[in-house]
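>>> Build the 3D model from these lines:
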Amino acid sequence: MTTTPDTELAPLLRVLAVDDEAPALDELTWMLGRHECVRQVVPAGSGEAALRVLHEGQVDAIFMDVQMPGLSGLDLARVLSRFTTQPPIVFVTAHEQHAVDAFELNVVDYVLKPVRDERLDQAVRRVVRQIHGRETSAATGDETIVVELAGVSRLVARSDVLYVEAQGDYARLHTASESHLVRVPLTTLADQWREAGFVRIHRSSLVALGHITEWRTEGGRTTVVVGGHELVVSRRHTRALRDLLVRRAQPLGRGGS
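This next block holds a predicted model:
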């Protein structure tokens, strides 16, 4: 396989390969082991065996089948979604019908069997880009969120998110140019992003404090403007938000006096 800009920056991955069919597992292990970005492949013949590997040590990525007896690939992905840091997951399967469920679980790629070298190479490079994005985010203090658009995984920087709206058990992230639906409740993002300057302004919305450009009060109704969008602030959150904005403005006011 040829070296690309992705692989020049690539970490050497410790990969977990999971398939309940021995010939398929052997082939996947062999193909991954040949890739220049992979330093080690740990095979597992079931979802339960994969969990044991994950509890024993760190892996950088998981390539696994979907349909397996006992703990299926989808089941294992749901378990991993509760981890603080989830390894990138690529499904390698003969079944197309699980693609929607897979991408709702934020998998990086969905590779159909029989697996071709060039297709597996593409999946490995997607994993590398995601890991590299995480490491860059950690170095800059930012965070990236994996979003899916037409079956393609993309990384959105948290610093690009202007505000977030609740949509049932999902959340819609709004940037300056687009929006993305992610399978994370608003309450979870509110807790995780509080230290990054995101504040609750309504039971159904969260806003990046640094992106607020206007504060409006009229007839007992308070709104803020973020990225050209006017958002309602509930009575419950009005005072706390006003106090936060005043505290942010104070250093500028003092510097100009």
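>>> Which strands and helices lie in contact with the host helix or strand of L189?
Using DSSP states H and E, the element containing L189 is helix 186-192. Judged by 3 or more C-beta pairs under 8 Å, 6 or more residues apart in numbering; DSSP states H and E, the packing partners of helix 186-192 are strand 163-167, strand 198-202, strand 205-208. In short, each C-beta sits where N, CA and C put it, glycine included.
>>> Who does the last one pair with, and is each partner parallel or antiparallel?
If I follow you right, that is strand 205-208. Strand 205-208 has the following strand partners under DSSP bridges: strand 163-167 (antiparallel), strand 198-202 (antiparallel).
>>> Just the residues contacting the last one, thanks.
By C-beta atoms under 8 Å, 6 or more residues apart in numbering, the surrounding residues in contact with strand 198-202 are 161, 164, 189-190, 206-209, 224, 231-234, 237, 240-241, 244.
>>> Out of these, which end up buried?
Buried by 16 or more other C-beta atoms under 10 Å: 161, 164, 189-190, 206-209, 224, 231, 233, 237, 241, out of those.
>>> Kindly indicate which of the residues you listed lies nearest E27.
E27 lies nearest to L189 out of the buried ones among the contacts of strand 198-202, by C-beta to C-beta, at 39.9 Å.
>>> so what's the closest one up against?
Residues near L189 by C-beta under 8 Å, 6+ apart: V164, A171, F198, L206.
>>> quick one: low-confidence parts of the chain?
Along the chain, the model assigns pLDDT under 70 to residues 1-11, 84, 133-144, 148-154, 249-257.
>>> let's see 80
Low-confidence segments of the chain (pLDDT under 80): 1-11, 83-85, 100, 103-104, 106, 132-155, 183, 247-257.
>>> Look up the closest residue to I145, ignoring the ones flanking it.
Residue nearest to I145 in three dimensions, not counting chain neighbours: V156, with 5.0 Å by C-beta to C-beta, 6 or more residues apart in numbering.
>>> right, I mislabeled it, should have said V92
Per C-beta to C-beta, 6+ apart, closest to V92 is V111, 4.8 Å.
>>> Likewise for Q58?
Per C-beta to C-beta, 6+ apart, closest to Q58 is R14, 7.1 Å.
>>> Which strand residues bridge the one you found?
Applying DSSP bridges, one finds that R14 bridges with Q40.
>>> so it makes contact with Q40?
Yes. At 4.7 Å, R14 and Q40 qualify as touching, with contact defined as C-beta atoms under 8 Å.
>>> For the two, indicate the residue with more neighbours.
Under the neighbour definition other C-beta atoms under 10 Å, R14 and Q40 were set side by side, and R14 has more, 16 against 13.
>>> ok, now which ones touch the residue nearest to I145?
Neighbour list for V156: T144, I145, V147, L173, T175, H180 [criterion: C-beta under 8 Å, 6+ apart].
>>> Which of the helices or strands spans it?
Using DSSP H and E, V156 sits in strand 152-157.
>>> Doesn't P87 belong to a helix?
No. Under DSSP: H, G, I helix; E, B strand; the rest coil, P87 falls outside any helix and is assigned coil.
>>> Give me the distance between it and D60.
Distance of P87 to D60, computed by C-beta to C-beta, to the nearest Å: 6 Å.
>>> What ranges does the stretch 101-250 of the chain have for its helices?
Using DSSP state H, counting those that start in this stretch, the helices found in the stretch 101-250 of the chain span residues 117-140, 186-192, 235-255.
>>> Could you export those as a markdown table, including distance to D101?
Below are those laid out as a markdown table (distance: least, C-beta to C-beta, whole Å):
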| stretch | distance to D101 |
| --- | --- |
| helix 117-140 | 18 |
| helix 186-192 | 20 |
| helix 235-255 | 36 |
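>>> between those, which gets nearest to M68?
Nearest to M68 among those is helix 117-140 (18.9 Å), distances taken as C-beta to C-beta.
>>> show me what contacts V41?
By C-beta under 8 Å, 6+ apart, V41 lies in contact with V15, L16, A17, T29, L32, G33.
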